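*Asks:* Provided below for reference: sequence and predicted model.
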Amino acid sequence: MTTTFNSDKSYREFRSETLRELQSLQKLWRKQDLSFSVEQQKRYDQLTAFRRQQVRNFYTDDQVWIGPSKAGQPLDEKEEA
């Protein structure tokens, strides 16, 4: 099995732009006493649905690590003689 990385720059920018817009809407939500206008709520719902679809695609395309964490464990480096 080979994992391919989508190197299309516009695709990556679109994904990151989705996250940036979600974050800006969340900041607005806080500033507006925890409420959205009707238009803002529609946009937020669209973006969250789109983001959930993106994450679902990551799982179906095997682009998510599922397994034990190896953080803090020493690397297995074999010395070549």
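*Replies:* Thanks, I have the structure now.
*Asks:* quick one: the residue nearest to Tyr44 when sequence neighbours are not counted from Tyr59, how far?
*Replies:* Using CB to CB, 6 or more residues apart in numbering and skipping residues adjacent in sequence, the residue nearest Tyr44 is Leu25, 5.0 Å away. All C-beta atoms are positioned from the backbone trio N, CA, C, and that covers glycine. Using CB to CB, to the nearest Å, we find Leu25 at a distance of 25 Å from Tyr59.
*Asks:* of these two, who's got more company?
*Replies:* Leu25 (16 against 10; other CB atoms under 10 Å).
*Asks:* what sits up against the one helix or strand the more buried one maps to?
*Replies:* Element membership of Leu25 [criterion: DSSP states H and E] is helix 9-31. Helix 9-31 is touched from outside by 6, 35-36, 40, 43-44, 47-48, 50-51, 54, with contacts defined as CB atoms under 8 Å, 6 or more residues apart in numbering.
*Asks:* how about 10 Å then?
*Replies:* 5-6, 8, 35-37, 40-41, 43-44, 46-48, 50-51, 54 (CB atoms under 10 Å, 6 or more residues apart in numbering).
*Asks:* what about the helix or strand following it, distance to the chain center?
*Replies:* Note on helix 9-31: by DSSP H and E, the next helix or strand toward the C-terminus is helix 38-60. Put simply, helix 38-60 sits 11 Å off its chain's centre (CA atoms, centre = their mean, to the nearest Å).
*Asks:* What residues sit buried inside helix 38-60?
*Replies:* Neighbour counts over helix 38-60 (16 or more other CB atoms under 10 Å) mark 44, 47 as buried.
*Asks:* Just the pLDDT at the residue most central in space within the chain, thanks.
*Replies:* In the chain, the C-alpha nearest the mean C-alpha coordinate belongs to Val55, at 6.4 Å (CA atoms, centre = their mean). Listed pLDDT for Val55 reads 90.
*Asks:* One more: Phe58?
*Replies:* Phe58 is given a pLDDT of 88.
*Asks:* OK, contacts around it?
*Replies:* Contacts of Phe58 (CB under 10 Å, 6+ apart): Val64.
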